[in-house]
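Colleague: quick one, what's the 3D model for this:
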Amino acid sequence: MIFGYARVSTDDQVLDAQVDALNAAGAERIFMDKISGSRRQRPDLDRMLDQLRPGDVVVVTKYDRLSRSLQDLLAIVDAIQGKGAGFRSLAEDIDTTTPAGRLVFHVFASIAQFERERISERTREGLAAARKRGRVGGRPPALSPEQRAEVRRLRDQDLRGIAELARLFRVSQNTIRRA
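Modeller: Predicted coordinates:
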């Protein structure tokens, strides 16, 4: 059986163009979600994955309709293939039901993995270079060293409460506790 999956991000967007393309591609059943692609919990996608059987094919108009993140896309396609089903993306001409399509998909996935690792490597190099120049990442402290000393003095000597100190210094109670 050929299953179609269509998704738009907001309620005011329409699925008509995707549904037409999926029908033209021979989809016998179409699952539709109106939810952001960055959210992994999508009711109709989950329903479709539950119904897959060996030999079925999942068709999407573009792979970004299945997922916004490549890592999530790979996980979903792995789940599809784990059920013995294939995956087809019309716009990118990817079809994992054929040996050539599987090759293209795996090359695509390998390039994406390589790019993720390069981004991580460049980030680590940038942070190391910044540390050498004396720069430290992260948020600046909410309280200066003098303010932290004042918090401790007010708490220990004046016996002021944490909630009162948090209001006084306009920070969270956890910041006061850490001080």
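Colleague: ok, and the helix or strand in this protein with the lowest average confidence?
Modeller: Every helix and strand in the chain was compared by mean pLDDT, DSSP states H and E; the lowest is helix 63-66, with a mean of 82.
Colleague: just give me the neighbour total for the residue lying closest to G26 once chain neighbours are set aside.
Modeller: Nearest non-adjacent residue to G26, counting by C-beta to C-beta, 6 or more residues apart in numbering: I2, 5.1 Å away. The C-beta positions use only the backbone N, C-alpha and C, and glycine is treated the same way. Neighbour count of I2, defined by other C-beta atoms under 10 Å: 17.
Colleague: next secondary structure after the host helix or strand of A166?
Modeller: A166 belongs to helix 162-169 when assigned by DSSP states H and E. Per DSSP H and E, the first helix or strand lying C-terminal to helix 162-169 is helix 173-178.
Colleague: gap between A179 and G138?
Modeller: Separation of A179 from G138 (C-beta to C-beta, to the nearest Å): 17 Å.
Colleague: state the next helix or strand along the chain beyond the host helix or strand of D78.
Modeller: Using DSSP H and E, D78 maps to helix 70-82. Next helix or strand after helix 70-82 toward the C-terminus (DSSP H and E): strand 86-89.
Colleague: pairing partners for the helix or strand just after that following strand, with directions?
Modeller: Heading C-terminal from strand 86-89, the first helix or strand you meet, by DSSP H and E, is strand 94-95. According to DSSP bridges, strand 94-95 has the following sheet partners: strand 86-89 (antiparallel).
Colleague: now for the closest residue to V59 other than its chain neighbours: which residues touch it?
Modeller: Spatial nearest neighbour of V59, chain neighbours left out: R88 (4.6 Å); criterion: C-beta to C-beta, 6+ apart. Residues in contact with R88 (C-beta atoms under 8 Å, 6 or more residues apart in numbering) are A25, V57, V58, V59, V60, I94, D95, T96, T97, G101.
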